[in-house]
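> Fold the following.
(one chain, ligands or ions: 4)
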Amino acid sequence: MSSQSDQKSSSLSALGLRAQGGREAIVTGLTVDSRDVKDGTLFFALPGSSVHGGEFIQYALRMGASAILTDAKGAEIAAKELADSDAALIINDDPRGALAQTASLWFGAHPSTVIAVTGTNGKTSVSTFARQIWIEMELAAVNLGTTGVEGVWTYPLKHTTPEPITLHRTLAQAKAEGVTHVAMEASSHGLDQRRLDGVVLSAAGFSNFTQDHLDYHHTFEAYFDAKMGLFTRLLPDDGVAVINIDDPKGPEVVTIAESRGLEVITVGRSDDARLRLTGQRFDSTGQEILFDWQRGSHKARLNLIGGFQADNVLLAAGLVIASGGDPEEAFDTLPYLTTVRGRMQHAATRRNGGSVFVDYAHTPDAVATALRAMRPHVMGKLIAIVGAGGDRDATKRPLMGQAAAENADVVFVTDDNPRSEDPATIRAAVMAGCPDAIEVGDRAEAILRGVDALGPGDALLIAGKGHESGQIVGDDVLPFDDVEQASVAVGALDGDL
Ligand SMILES: CC(=O)N[C@H]1[C@@H](OP(=O)(O)OP(=O)(O)OC[C@H]2O[C@@H](n3ccc(=O)[nH]c3=O)[C@H](O)[C@@H]2O)O[C@H](CO)[C@@H](O)[C@@H]1O[C@H](C)C(=O)N[C@@H](C)C(=O)N[C@H](CCC(=O)O)C(=O)O
Ligand SMILES: Nc1ncnc2c1ncn2[C@@H]1O[C@H](COP(=O)(O)OP(=O)(O)OP(=O)(O)O)[C@@H](O)[C@H]1O
Ligand SMILES: N[C@H](CCC[C@H](N)C(=O)O)C(=O)O
Ligand SMILES: [Mg+2]
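Ligands and ions are numbered 1, 2, ... in the order given. Model (predicted):
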């Protein structure tokens, strides 16, 4: 995305960039996409997953780019055109890192307190709870990630971790809107692509590590290393690491943080956690939790369904404390926390009492965790609707099916954003893990049949799409909302429509 509309200009040297032969240039905008280049743009020609941006340097020069930043390969691809041009050329062996630093300088100030959380599952939940805690403490806060920018200022986003130009523009706008506190998600793609480099963090959190995104990272090691960039590269020396010590990878993350001399706050149920969950009692609308901090014991009511939400809440409280918040003030806010959009969200209730929940579980561990978390709140049988996304990690599909079969009494397999893939092939891969499941391709029909199967005391968990408002089929986004469909199904079956 370009920043052309910002109507600024700057010299390369003011942006900390040195071009070949010491050439200066006036830059009027930044972009990674040649199609956005205008007169004076600095075009970042990045190595991509499908094509090298160097292929588009020729086009960018024609459109008036005043400078090109790329790596050696990009410069080689466009050697002839660059030699014939007056544009300044900056060659950098880490062009994505350079983009992040340049975007940070270009957009300038951002809110004074920014925290980031990484982990396979729970990033949106933890950052939303951190934002809610801050707002209850009367601080002007937003969370930034999969659900967009939410809080005292709202704004839509395409990515969980936006690319640097969008990210720094958003942070600068947030500051202009009076926002002082930001909780953001650090996705593994975002960390790998250096999207957050250039953001100054006060604290960083780790929730958990299980399977996802192997299509992109290929191995668990590469996926873990990408996540660890948050602690090895991004968190400054005076930053605090807040780590879920219950996760099997938790102790390794602690070692990584401590080896840098970072202060660590461990969170979890384990005896040695500094912020320790010591008790949990469930009822139909939420849970009571007991926890220890320093030498004091605390009790709080959470109006949240799902035992794992207590882990997310405590991680969020740990991050608030790590970034300077008063612990007692933070703990006092916990009874006021509300459901994160599309995460264990109560969507509808049938006349016979059977209830419907919408959740964003889209990994094997999340499907298992979400279904297990429902059990203490459900008297009767538990029904699950699952599906897996197209153009995403294909190896997780049978494991998601298996997690559903192992933890629900009845399973429906349906479509969830098939994107460019054949939906029947994706469903077959999920069904391989749950051969007794009922296959219903059309998601609305699957929801209707799931709701129809609800008896008194039963519950239905519709997994995978959470807050999403569309079904992605090919390049089209067809309007679709699980919460809305649940209400429509209940209305149709109970005669309220
Ligand atoms: C796999 C991936 O992350 N790809 C991201 C990456 O694209 P890329 O660099 O690989 O793109 P490419 O198509 O190979 O093109 C290479 C370069 O040529 C440029 N180009 C291309 C065509 C052209 O005509 N002119 C031109 O200049 C492109 O802008 C790009 O810079 O950089 C792009 C710009 O920053 C991103 O939009 C794009 O995200 C794609 C759309 C995507 O779907 N990403 C998902 C997987 C993602 O990032 N998800 C994570 C985590 C999700 C989660 O766990 O919740 C997220 O943070 O959202
Ligand atoms: N602490 C947790 N442990 C295991 N599973 C969790 C945890 N928190 C949330 N989940 C499950 O993961 C789902 C997604 O949660 P959330 O959106 O907070 O994760 P995320 O890491 O932001 O996901 P994404 O990678 O899509 O951004 C939830 O709907 C729930 O099923
Ligand atoms: N943001 C994540 C989760 C998507 C969830 C699910 N609805 C899917 O499409 O797979 C991703 O892009 O992998
Ligand atoms: Mg998220």
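
> which strands and helices sit next to the helix or strand hosting Y223?
Per DSSP states H and E, Y223 falls inside helix 220-229. Judged by 3 or more C-beta pairs under 8 Å, 6 or more residues apart in numbering; DSSP states H and E, the packing partners of helix 220-229 are helix 188-192, helix 214-217. C-betas here are computed from N, CA, C, even on glycine.

> any residues touching it, and which ones?
118-119, 186, 188-189, 191-192, 206, 209, 211-214, 217, 249, 253, 256 (C-beta atoms under 8 Å, 6 or more residues apart in numbering).

> filter the residues you listed by proximity to ligand 2?
Counting by C-beta under 6 Å from any ligand atom, G119 from the contacts of helix 220-229 sit close to ligand 2.

> Are any of the contacts of helix 220-229 buried, and if so which?
118-119, 186, 188-189, 191-192, 206, 209, 211-214, 217, 249, 253, 256 (16 or more other C-beta atoms under 10 Å).

> how far does the helix or strand following the helix holding Y223 sit from the chain's center?
Sequence-wise, the next helix or strand downstream of helix 220-229 (DSSP H and E) is strand 240-244. Mean C-alpha position of strand 240-244 versus that of the full chain (C-alpha atoms, centre = their mean, to the nearest Å) differs by 17 Å.

> State the mean pLDDT of strand 240-244.
The average pLDDT for strand 240-244 rounds to 98.

> Output the contacting helices and strands for that strand.
strand 203-206, helix 250-259, strand 263-268, helix 307-322.

> Measure how that strand sits relative to helix 307-322, angle-wise.
170 degrees (axes from the mean of the first three to the mean of the last three C-alpha atoms, to 10 degrees).

> ok, strand 240-244: who's next to it in the sheet?
When pairing is defined by DSSP bridges, strand 240-244 lines up against strand 203-206 (parallel), strand 263-268 (parallel).

> Need the winner for burial among those strands.
strand 203-206 (a mean of 29; mean count of other C-beta atoms under 10 Å).

> who touches that one?
115-119, 126, 186, 227, 230-231, 234-235, 239-244, 247, 249-250, 253, 315-316, 318-319, 322-323.

> quick one: buried residues of the one helix or strand I165 maps to?
Element membership for I165 (DSSP H and E) is helix 164-176. For helix 164-176, a neighbour-count test (16+ other C-beta under 10 Å) marks P164, I165, T166, L167, H168, R169, T170, L171, A172, A174, K175 as buried.

> can I get these in JSON lines with distance to F44 and pLDDT?
Listed next are these as JSON lines, based on distance: C-beta to C-beta, whole Å; pLDDT from 0 to 100:
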{"residue": "P164", "distance to F44": "9", "pLDDT": "97"}
{"residue": "I165", "distance to F44": "9", "pLDDT": "96"}
{"residue": "T166", "distance to F44": "13", "pLDDT": "96"}
{"residue": "L167", "distance to F44": "14", "pLDDT": "97"}
{"residue": "H168", "distance to F44": "13", "pLDDT": "97"}
{"residue": "R169", "distance to F44": "15", "pLDDT": "96"}
{"residue": "T170", "distance to F44": "18", "pLDDT": "97"}
{"residue": "L171", "distance to F44": "19", "pLDDT": "97"}
{"residue": "A172", "distance to F44": "18", "pLDDT": "97"}
{"residue": "A174", "distance to F44": "23", "pLDDT": "97"}
{"residue": "K175", "distance to F44": "24", "pLDDT": "97"}
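
> Report the buried residues of the helix holding Y223.
Buried residues in helix 220-229 (16+ other C-beta under 10 Å): Y223, F224, A226, K227, M228, G229.

> Also stretch 135-149?
135-137, 139-149.

> The residues you listed into TSV, with extra columns for secondary structure, distance to G22 and pLDDT?
Output for the buried residues of stretch 135-149, formatted as TSV (DSSP: H, G, I helix; E, B strand; the rest coil; distance: C-beta to C-beta, whole Å; pLDDT from 0 to 100):
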residue	secondary structure	distance to G22	pLDDT
I135	helix	49	98
E136	helix	54	98
M137	coil	50	98
L139	coil	46	98
A140	coil	44	98
A141	strand	44	98
V142	strand	41	98
N143	strand	43	98
L144	strand	38	98
G145	strand	41	98
T146	coil	44	98
T147	coil	46	97
G148	strand	42	97
V149	strand	40	98
